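>>> Build me a structure from this.
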Amino acid sequence: MDKNNELYDELCLSVYNTNRYFHRLYQSVLEDFDLTYLQYLSILIVWRHQETQLMEIGKLLDLSSNTLTPVIQKLVKKQWLCKIENPNDKRVKLLTIDETHRHDFELILGRLSQVQAVFSEKTQHDLPNIIENQNKLNKILLTLITKEFRIDESSTN
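So this is what the prediction gives:
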């Protein structure tokens, strides 16, 4: 096997494990609040925008509405989010943080802030630089998925 192929496979494995480890790390905080990582990310987007639509959350998380709708429905049922009328379009509901959970979400953000501080200290790297490199990797991968990478099936037979 080519050494470059092995290194690329190692990169794929590393990214996969990093994703899993972030989920586990955040879950250690979120389990006290009966939230999943995806639920937390959805609430975080609503928190940052104050009021937002399901479509906006889906766009920022790069998820389809059929994946996200059950997550949001569960958050509404758990009273983390509530749906309010959009003053500009009565057909569209906006999502906002339910008042009963604002304090809980502030606690979550505080605990995760501590996790992030330790992470930043231990990596000894500039966090914006890490994010920038990760975003570059994501853009390249998306380009390969959507535009450049086409398997020629006739060459595999």
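
>>> Q53: how many residues sit nearby?
By other C-beta atoms under 10 Å, 16 other residues sit near Q53. Any C-beta I mention is one placed from the backbone N, CA and C, and that applies to glycine too.

>>> Quick check: it vs L38, distance?
According to C-beta to C-beta, to the nearest Å, Q53 and L38 sit 17 Å apart.

>>> Please apply the same query to M55.
Noted for M55: a distance of 16 Å to L38, by C-beta to C-beta.

>>> Those two: who's more crowded?
L38 (16 against 11).

>>> Other residues contacting the strand ranked longest in the chain?
The longest strand of the chain (DSSP state E) is strand 89-97. Residues from elsewhere that reach strand 89-97 (C-beta atoms under 8 Å, 6 or more residues apart in numbering): 43, 46-47, 50-54, 57, 72, 80-86, 105.

>>> and that strand, C-alpha only, in PDB?
Below are the C-alpha coordinates for strand 89-97, written out as PDB (Å, rounded to 0.1, in the frame of the first residue of the first chain):
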ATOM      1  CA  ASP A  89     -45.200  35.700   8.200                       C
ATOM      2  CA  LYS A  90     -48.000  34.000  10.300                       C
ATOM      3  CA  ARG A  91     -47.300  30.700   8.500                       C
ATOM      4  CA  VAL A  92     -43.700  30.500   9.800                       C
ATOM      5  CA  LYS A  93     -43.000  29.800  13.500                       C
ATOM      6  CA  LEU A  94     -39.900  31.200  15.200                       C
ATOM      7  CA  LEU A  95     -38.000  29.300  17.800                       C
ATOM      8  CA  THR A  96     -36.800  30.900  21.000                       C
ATOM      9  CA  ILE A  97     -35.400  29.600  24.300                       C
END
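
>>> how far does it sit from the chain's center?
In terms of C-alpha atoms, centre = their mean, to the nearest Å, the centre of strand 89-97 is set 22 Å apart from its chain centre.

>>> tell me the mean pLDDT for that strand?
Strand 89-97 shows a mean pLDDT of 84.

>>> pLDDT score assigned to D152?
On pLDDT, D152 comes in at 49.
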